[in-house]
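> Compute the structure for the input listed below.
(2 chains)
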Amino acid sequence: MSASSMKEPSVWAVRQHALRREIAAEWIRQSSLRSTWWCAAAAVAGMAAFAGLSGWSQLAHALEDPLASQGAEFAQLTSHGYFYLVQFSVLILAALASTGGFGNRGAAGTFTWNPDRSVVLLARTLVTAALAFATAVVAGLAGTGVLAALLSRFVSLPLGEVLTTVLGAGVCMALFAALFVGVGTALRGTAGTVMTGFLLLLGLPLVMQLSGVDAVDDLAALTPGLAGIEFYAAGDVGFYSAPFDGPANIAVVVGWAVAGLLVARTELRLRDV
Amino acid sequence: MLTADTLTKRHGPRTAVDGLSFTVEPGRVTGFLGPNGAGKTTTMRMFLDLVRPTSGRALVNGRRYTDLAWPAREVGALLDAGSAHPGRTGRAHLRSKAHVCGLPRTRIEEVLDEVGLSEAADRRIAGYSLGMRQRLGVADALLADPGVLLFDEPANGLDLDGVRWMRELIRRLAGQGRTVLVSSHLMGEVEQVADRLLVVGRGRLVADASVEELIGAWSHAHVLVRSPRTEPLRLRLAQAARADTGIRVEEACEGALRVSGLSAERIGDLAHETGVPVHGLWSHRASLEQAYLELTDGSVEYGAGVPEEVGS
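Numbers count the residues shown, from 1 in each chain, chains lettered A, B, ... in the order given. Predicted coordinates for the structure are as follows:
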């Protein structure tokens, strides 16, 4: 019984390092599951495939009219890959990370090991966000690489622009991960979290844009999916034009992430495990 | 030490735990008995802050679980063998907890060896049998070498060897001075390991006593005596019963009496004194199961109905 026989440290001394220890534990929880790596691999493969199809289409245009190919937008094509594919891999990654423990009753173990709900939630958010960021960056670089391989004969690679998009998307995907860890923790169910995420990222803004009402159409800019792409595509989305540019869009995504985590924290404090 | 102080948990109109008060002392095994829905698991989870009490307090070593400096180092719990993620390996599961508790990797090898899972540690938990999962749960509970242990149905899924191993482990842990609370519905198991019993029914404490006290107080050991002349023997026993109110005599069937409160030897002596031949004497010792059933009679929340006899 080492615990009882050793000199007991103060609560404060122990809790100073609690977050660091919980992050290490959360990393093992997520990295030891195949599903985590399947989500990351799906994002990278999806982006590469999307870039391949888009690049092939651009290449066909370029072969027909080399001058027209000058208009090929690496950053825009990559941002479409994030919007249509990568963000959904991040959604599933976050949904599995946040709801898996509730589904198999492992949450009881997690909160027995560390009863500080806020520390557990923060550690889970940070690890999932880091994974989402890394996945998004690797996926973006893979997509850019495919595009460059197909189009380099006709267009020079705008490296700065592409890196801005890739890193911006990484930040945005990390924030989406935080948002959906919050949603998943609050809902405690994978299906509900994925459905909510799909609606927030794609379904809801699509319906709002189709409403034909200008005010509702403008409000769609406040949904996380559209605000996100407006941010990482630097205003050059192509299929959509937001009523406002710049940092306001990332502020919207930050707001969603913070709101999601606050709801999760409140739910964890009030509801039994 | 564990202390429940007028612990109550309500889920809407339903009261799961109703004013439970007890202490669980170190150095002995305390059994926690009760029918399904009696509130055993809810009570255990309240000690771990997984369920918040509606009122009252659940204390570990005098403090709330959340106020302990190293909760997982002070308390180990086996609540649900199926709670470890099936996609993870047993070793990864324990490594995760070792990080939270700030423990070295060598400790993981020690507990894996202790529970006999060293060779299976790198297999995914999905491939474990129920007994192996139960052993992993024990390894989890013992990992931080805690002074307080909560085991919820620890023998579930274990084969005979496993049950014996678990029994010896629990006895050894209590012998080392730890506080051990074991909930089980297997009366025989509890009878063999517990020094003291807490019996709950419908969320209330029904009994708090040693196994012997419980059997003695709540169930009736009796002796069945067969004789071709029961009447003079019944009269002699009734005479003895007038002097001792603990003695009861009743007719079991034709030619047989059921006597409680007297040993078989004493009944034989009385028959001999009366000159009554005895054709048979059977001592019937009460079991904990009988005592438990009598105690919790009426507390079973989800019991099956008594089937009607065919043809009646």
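
> which residues does the residue nearest to A:Val137 when sequence neighbours are not counted contact?
Leaving aside its chain neighbours, A:Val137 sits nearest to A:Gly170 (4.6 Å; criterion: Cβ to Cβ, 6 or more residues apart in numbering or on different chains). For glycine as for every other residue, the C-beta is placed from the backbone atoms N, C-alpha and C. Residues near A:Gly170 by Cβ atoms under 8 Å, 6 or more residues apart in numbering or on different chains: A:132-134, A:136-137, A:140.

> just for chain A, where's the confidence low?
The model of chain A has pLDDT under 70 over residues A:1-13, A:67-72.

> again, 50 this time
Within chain A, the stretches with pLDDT under 50 are A:2-6.

> Residue numbers of the stretch 151-273 of chain A in contact with chain B?
Residues of the stretch 151-273 of chain A lying near chain B by Cβ under 8 Å from any Cβ of the partner chain: A:272-273.

> For the residue of chain B positioned farthest from its centre, grab phi and psi.
In chain B, B:Gly275 marks the outermost C-alpha relative to the chain mean, sitting 45.8 Å out by Cα atoms, centre = their mean. Per-residue torsions, B:Gly275: phi 80, psi 30 (degrees, to the nearest 10).

> Let me see the contact set for the closest residue to it other than its chain neighbours.
In space, and not counting its chain neighbours, B:Gly275 is closest to B:Pro232: 7.8 Å by Cβ to Cβ, 6+ apart. By Cβ under 8 Å, 6+ apart, the contact list for B:Pro232 reads B:274-276.

> distance of B:Pro232 from A:Phe176?
Applying Cβ to Cβ, to the nearest Å, the value for B:Pro232 to A:Phe176 is 92 Å.

> near chain A, which residues of the stretch 51-200 of chain B?
If contact is defined as Cβ under 8 Å from any Cβ, the residues of the stretch 51-200 of chain B in contact with chain A are B:51-52, B:65-75, B:77, B:79-80, B:82-89, B:92, B:95-97, B:99-102, B:140, B:144-147, B:176-178.

> Swap in 6 Å and give it another go.
B:51, B:65-66, B:69-74, B:77, B:79-80, B:83, B:85, B:87-88, B:92, B:95-97, B:99-100, B:102, B:145-147 (Cβ under 6 Å from any Cβ of the partner chain).

> In strands, which of those residues fall?
The strands, defined by DSSP state E, take in B:Ala77 from those.

> Just the ones of the residues of the stretch 51-200 of chain B next to chain A in helices?
B:71-74, B:92, B:95-97, B:99-100 (DSSP state H).

> Reformat the contacts of A:Gly170 into CSV and put neighbour count and secondary structure next to each item.
As requested, the contacts of A:Gly170 are exported to CSV (neighbours: other Cβ atoms under 10 Å in any protein chain shown; DSSP: H, G, I helix; E, B strand; the rest coil):
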residue, neighbour count, secondary structure
A:Ala132, 32, helix
A:Phe133, 20, helix
A:Ala134, 14, helix
A:Ala136, 31, helix
A:Val137, 17, helix
A:Gly140, 30, helix
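
> List just the nearest of the residues you listed to A:Ser35.
Here the nearest of these to A:Ser35, counting by Cβ to Cβ, is A:Ala132; it sits at 14.2 Å.

> contacting residues for the nearest residue to that closest one once chain neighbours are set aside?
Distance criterion Cβ to Cβ, 6+ apart; nearest residue to A:Ala132, sequence neighbours excluded, is A:Ala177 at 3.7 Å. By Cβ atoms under 6 Å, 6 or more residues apart in numbering or on different chains, the residues touching A:Ala177 are A:90, A:94, A:128-129, A:132.

> These into a markdown table, with extra columns for secondary structure?
Output for the contacts of A:Ala177, formatted as a markdown table (DSSP: H, G, I helix; E, B strand; the rest coil):
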| residue | secondary structure |
| --- | --- |
| A:Val90 | helix |
| A:Ala94 | helix |
| A:Thr128 | helix |
| A:Ala129 | helix |
| A:Ala132 | helix |
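
> Report how many residues lie close to A:Gly246.
Neighbour count for A:Gly246, taken as other Cβ atoms under 10 Å in any protein chain shown: 12.
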